[in-house]
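S.K.: A predicted structure for the sequence below; I have some questions about it.
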Amino acid sequence: MTDVFAKNTVLSAEAAAKIAPRAEFRVFGHGIIETVQRRMWDAGAILWRARKMPAETYFLSVHTDEANVKVRDGLLDIKTKVGETPEGYEIFQPRGKFQFPVKKPDLTTILSHLGVKMDLGRETCALEEFTEIARCHPDLVPVTVEKMRYGFTVDGIICEYAQVWFNGALLESACSESENYLGMRKAIVALGIDSMPNINYLKAAKRVVGMV
């Protein structure tokens, strides 16, 4: 069976640029899971799986709200917002994955997405070093993110609800993502989250740590 929840796996920016990105609508808050659970069955939801994700580190920058830079299992992943659908669903394009330790040219690329320039004076950089750099930099904030995700589909549209901890602070989340925007709209309405603001992980993390 094809895993509809599988993310595109790429190891270079060139390969990432060829991927047709999905649009996403996501909400954060409290009481969201109860709302979704109450309505998903009437929406004809088909359960997929529950996943406790490995801890991730998101790197937030005061210079951008459109570059999602995170590390999981030593692999740094970059996605940038490239547009929105007429419905306001956000489209993020993968920009590549980088295995630590990263070389200087790759580190320069990573920092450019964060809108930060610095002369590191080294040819390679380990994850621990990069995290410490971000922690000490006045324009960057590393945030530990943990997720318990529950995936399902509604009429073939990928959906989920989740518990998310930002530096230990718990929020609930729900989302729908697809290339089928009309199908997304139907699923979002059916789940009762259509009146909530569309907030991605980057913005939610910034709110929790006081960057907005």
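M.R.: On my side now, so go ahead.
S.K.: for the chain, which spans come out with low pLDDT?
M.R.: 1-21 (pLDDT under 70).
S.K.: Pretty sure residue 148 is one of the things residue 50 touches, is it not?
M.R.: Yes: the pair residue 50 and residue 148 passes the contact test of CB atoms under 8 Å, sitting 7.2 Å apart. C-beta: built from backbone N, CA, C; applies to glycine.
S.K.: which one in the protein is furthest away from the centre?
M.R.: residue 121 (30.8 Å; CA atoms, centre = their mean).
S.K.: tell me the contacts of that residue?
M.R.: Residue 121 makes no contacts at all, as judged by CB atoms under 8 Å, 6 or more residues apart in numbering.
S.K.: How much space separates it from residue 138?
M.R.: 19 Å (CB to CB, to the nearest Å).
S.K.: buried sites along stretch 174-192?
M.R.: 174-178, 180, 183-188, 190-192 (16 or more other CB atoms under 10 Å).
S.K.: again, but for stretch 94-109
M.R.: 94-98, 100-102, 106-107.
S.K.: what's the helix or strand for residue 34?
M.R.: Secondary structure assignment for residue 34, by DSSP states H and E: helix 32-40.
S.K.: what's the angle from the helix or strand that that helix is followed by to helix 32-40?
M.R.: Counting by DSSP H and E, the next helix or strand C-terminal to helix 32-40 is strand 46-52. Here strand 46-52 runs at an angle of 160 degrees relative to helix 32-40 (axes from the mean of the first three to the mean of the last three CA atoms, to 10 degrees).
S.K.: what comes into contact with strand 46-52?
M.R.: Against strand 46-52 from outside (CB under 8 Å, 6+ apart): 4-5, 147-154.
S.K.: Of those, just the buried ones, PyMOL syntax please.
M.R.: Buried residues among the contacts of strand 46-52 (16+ other CB under 10 Å), as a PyMOL selection:
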select buried, resi 5+147+149+150+151+152+153+154
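S.K.: Would you format the contacts of strand 46-52 as JSON lines with secondary structure and distance to residue 165 included?
M.R.: Listed next are the contacts of strand 46-52 as JSON lines, based on DSSP: H, G, I helix; E, B strand; the rest coil; distance: CB to CB, whole Å:
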{"residue": "4", "secondary structure": "coil", "distance to residue 165": "26"}
{"residue": "5", "secondary structure": "coil", "distance to residue 165": "20"}
{"residue": "147", "secondary structure": "strand", "distance to residue 165": "8"}
{"residue": "148", "secondary structure": "strand", "distance to residue 165": "9"}
{"residue": "149", "secondary structure": "strand", "distance to residue 165": "12"}
{"residue": "150", "secondary structure": "strand", "distance to residue 165": "15"}
{"residue": "151", "secondary structure": "strand", "distance to residue 165": "18"}
{"residue": "152", "secondary structure": "strand", "distance to residue 165": "21"}
{"residue": "153", "secondary structure": "strand", "distance to residue 165": "25"}
{"residue": "154", "secondary structure": "strand", "distance to residue 165": "26"}
